[in-house]
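Student: could you work out the structure for the sequence below:
(one chain, ligands or ions: 1)
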Amino acid sequence: MCGIVGISAQRDVVQNLISGLKALEYRGYDSAGIAVLTGHGVERLRAKGKVRDLEALQAVSPLSGTCGIAHTRWATHGAPSTDNAHPHVSGAVSVVHNGIIENHAALRAELQALGYEFTSQTDTEVVAHLIEHAQRQGKPLRQAVQETVARLHGAYSLAVLSAREPGTLVGARLGSPLVVGLGEGEQYLASDIHALLPLTRRFLYLDDGDVVELTREAVQVFDAAGQPAQRAVKESHFAADAVERGEYRHYMLKEIHEQPQAVADTLEGRIAGGHVLTQMLGVDAEALLARTDSVQIVACGTSYHAGLVAGYWIESFAGVPCKVEIASEYRYRNPVVRAGTLFLGISQSGETADTLAALKMAKGRDYVARMAVCNVPESSIVRESELVLMTRAGPEIGVASTKAFTTQLVALALFALELARAKGLDAARYADGVRQLEQLPGLIAQTLKLDGQIRALAENFAAKQHALFLGRGTHWPVAMEGALKLKEISYIHAEAYAAGELKHGPLALVDKDMPVIAVAPNDHLIDKLKSNLEEVRARGGELYAFVDETVAHGLDADHVLTLPACGEFAAPVVFTLPLQLLAYHVAVLRGTDVDQPRNLAKSVTVE
Ligand code: G6P
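Tutor: Next comes the predicted model:
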């Protein structure tokens, strides 16, 4: 994912810009660049590859200056290359950009007609030319940026530098984050506070539509109407390094608690003005989705469970048939591929051998395209796929997948909505789905506050040998994920069943020693599920019901955990959280190795 850093100071800023980029590396990127104001105007260095490649250029031909911008790019428009790397320059102006400019083609044509020449395939370059053009008409930098962003459709965060106004940086955001860091005699901009934590702990979070002007002495924010605005100063207590455990006892617990931010990152720049941006999947996506009339999902482990949830969404929202299969099965059979089928591989690591093999096998077949939902940008599965949707969970260290799963669900929900839109889903249902996704980071944060209650429930499980998880519809795979978490890290034998199947076998296992966990949001299946749970109660099973607040009183269970009410896109994410926390606390009580459970690996690169 792209990253932005900008600094206006009295001292040379190049080393701090590069350090800021390094702090953003975990987000994934394929090129990096830096631009500073020198005695010769705006000068820049750009490199395909890593920040260390940029540092190598800096060692050979060093730049120095007191005001600069820097960027890590994850390619969307145009391949990873030096020419496509940011900052982009037009005349005296230099720009870095995160997000997608949807109307870039029309703007490009207009600017070309005015004589501007393009040196990249990016959507960003139009922004540099538009600002330069406004400045040539005599506009100050801030006004030039305000007039430019008024013409952009899509999502952006921007940092802009102009040789016409040395020492000034202008930032702008819509649908993509940008924060201002406040220093002593120097001020900063970044897309993520991690880039600035070594420099300051005081931040201003900009609102959508804001434009900000920074000099080393002062910061002025203007709202979407162009009026001066005040934004509260917030002090951050964040640990500086994304792969440090920080205050947490285990990586798994840290990663569980990172989910509000990870999900916000997955949504970042992909929703604007109440709709999902089609180009999040790349420039060819619209045409490919139009040709898609069925979907084949292939994955392993936790990623397979995310695929199962997506299968329900794709059929119910987009009306498109969807098959979901374990990669190790798919790759060794001879699947019938109907014309018009999109192949969708899901993988946190992007390196799982069976999923990669299935993806490669799909190449020679008659699929519309091969798409990856993945968390590691430069992974084999990403490189092998024609369409890519990154989950942006950040590094996941715990072997038991947590934030990778919930961000997969969010990415797949975005995809299901986008496919549904391409197939003509009614506007109200679409808008409701988008709204649910936008509310998710807050709902997740609210749900994680139940940690104390879940820890208390975990005491009852620590001495058990078996557990049964039940759910219906999308919450059947959520129950499967809950059972997988428990068995992976606590070594308790756990199974998940679609609740309607209970009486066809597993009911024979139910007695007072069998804890039964029911995933029970208030969806269209709740009455059916309640009947299934009566069957458990009648056999003396110890019932744990995870319900939302709207069913809390209508359900007879030994233990009830009440979660926030949420819609059909949000609920599978929200209901996963207590299952993760339950497994975690049971494992801690049993004294197992939570982050590195016996016999398991994070990334399974062998068959
Ligand atoms: C391993 C991991 C699981 C993961 C599965 C698939 O088994 O321990 O957490 O779900 O691989 O991995 P992937 O990286 O393809 O999602």
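
Student: C-alpha from now on. contacts and neighbour counts both.
Tutor: Noted.

Student: burial of Ala416, as a residue count?
Tutor: 25 (other CA atoms under 10 Å).

Student: and Cys2, by the same measure?
Tutor: The burial count for Cys2: 24, using other CA under 10 Å.

Student: ok, it to Ala431 distance?
Tutor: Distance, Cys2 to Ala431, using CA to CA, to the nearest Å: 27 Å.

Student: spell out which parts of this structure neighbour the ligand.
Tutor: 300-303, 347-350, 352, 399-401, 600-604 (CA under 6 Å from any ligand atom).

Student: now with 8 Å, please.
Tutor: Counting by CA under 8 Å from any ligand atom, the chain comes close to the ligand at 299-304, 346-353, 355, 374, 399-401, 404, 600-604.

Student: strands of the stretch 401-550 of the chain, start to end?
Tutor: Along the stretch 401-550 of the chain, counting by DSSP state E, counting those that start in this stretch, strands occupy 466-471, 493-498, 515-520, 542-548.

Student: now swap in the stretch 251-400 of the chain and tell me
Tutor: 271-272, 275-276, 294-299, 322-326, 341-347, 370-374, 387-390.

Student: so which of those strands comes closest to Gln453?
Tutor: Across the strands of the stretch 251-400 of the chain, Gln453 has its closest neighbour in strand 341-347 (31.8 Å, CA to CA).

Student: could the strands of the stretch 401-550 of the chain be laid out in TSV, adding mean neighbour count, distance to Lys234 and mean pLDDT?
Tutor: Formatted as TSV, the strands of the stretch 401-550 of the chain follow (neighbours: other CA atoms under 10 Å; distance: least, CA to CA, whole Å; pLDDT from 0 to 100):
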stretch	mean neighbour count	distance to Lys234	mean pLDDT
strand 466-471	24	41	95
strand 493-498	20	44	96
strand 515-520	26	37	93
strand 542-548	22	33	91
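
Student: CSV for those strands, including distance to Val283?
Tutor: Shown next, in CSV, are the strands of the stretch 401-550 of the chain (distance: least, CA to CA, whole Å):
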stretch, distance to Val283
strand 466-471, 38
strand 493-498, 39
strand 515-520, 39
strand 542-548, 40
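
Student: what comes up buried for stretch 266-284?
Tutor: Across stretch 266-284, burial judged by 16 or more other CA atoms under 10 Å covers 266-272, 275-282.

Student: same deal with stretch 375-389?
Tutor: Of the residues in stretch 375-389, 375-379, 381-382, 384-389 count as buried by neighbour count, 16+ other CA under 10 Å.

Student: okay, those in CSV with distance to His88 next?
Tutor: Output for the buried residues of stretch 375-389, formatted as CSV (distance: CA to CA, whole Å):
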residue, distance to His88
Asn375, 27
Val376, 26
Pro377, 22
Glu378, 23
Ser379, 27
Ile381, 30
Val382, 26
Glu384, 28
Ser385, 28
Glu386, 26
Leu387, 25
Val388, 24
Leu389, 25
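
Student: residues making contact with the worst-scoring helix or strand of the chain on mean pLDDT?
Tutor: Ranking every helix and strand in the chain by mean pLDDT, DSSP states H and E puts helix 526-538 at the bottom, with a mean of 81. Contact partners of helix 526-538, identified using CA atoms under 8 Å, 6 or more residues apart in numbering, comprise 471-472, 499-500, 502, 507, 510, 516, 518, 520, 542-543, 555-557.

Student: can you list the low-confidence ranges for the protein?
Tutor: 1, 26-28, 237-243, 378, 552-554, 603-607 (pLDDT under 70).

Student: do a quick rundown of the helices in the stretch 51-200 of the chain.
Tutor: All helices of the stretch 51-200 of the chain, identified by DSSP state H, counting those that start in this stretch, fall at 51-60, 104-113, 125-136, 141-149.

Student: in the stretch 451-600 of the chain, which residue sits closest to the ligand?
Tutor: Minimum separation of the stretch 451-600 of the chain from the ligand (CA to the nearest ligand atom) falls at Leu600, amounting to 5.9 Å.

Student: OK, contacts around that residue?
Tutor: Val399.

Student: swap in Gly473?
Tutor: Taking CA under 8 Å, 6+ apart, we find Gly473 in contact with 312, 498, 525.

Student: count residues in the vicinity of the residue nearest to the first one when sequence neighbours are not counted, would you?
Tutor: The reference is to Tyr312. Distances taken as CA to CA, 6 or more residues apart in numbering place Thr474 nearest to Tyr312, at 6.3 Å, with adjacent residues excluded. The tally of other residues near Thr474 (other CA under 10 Å) stands at 22.

Student: got the angle for the least confident helix or strand of the chain vs strand 493-498?
Tutor: Counting by axes from the mean of the first three to the mean of the last three CA atoms, to 10 degrees, helix 526-538 lies at 140 degrees to strand 493-498.
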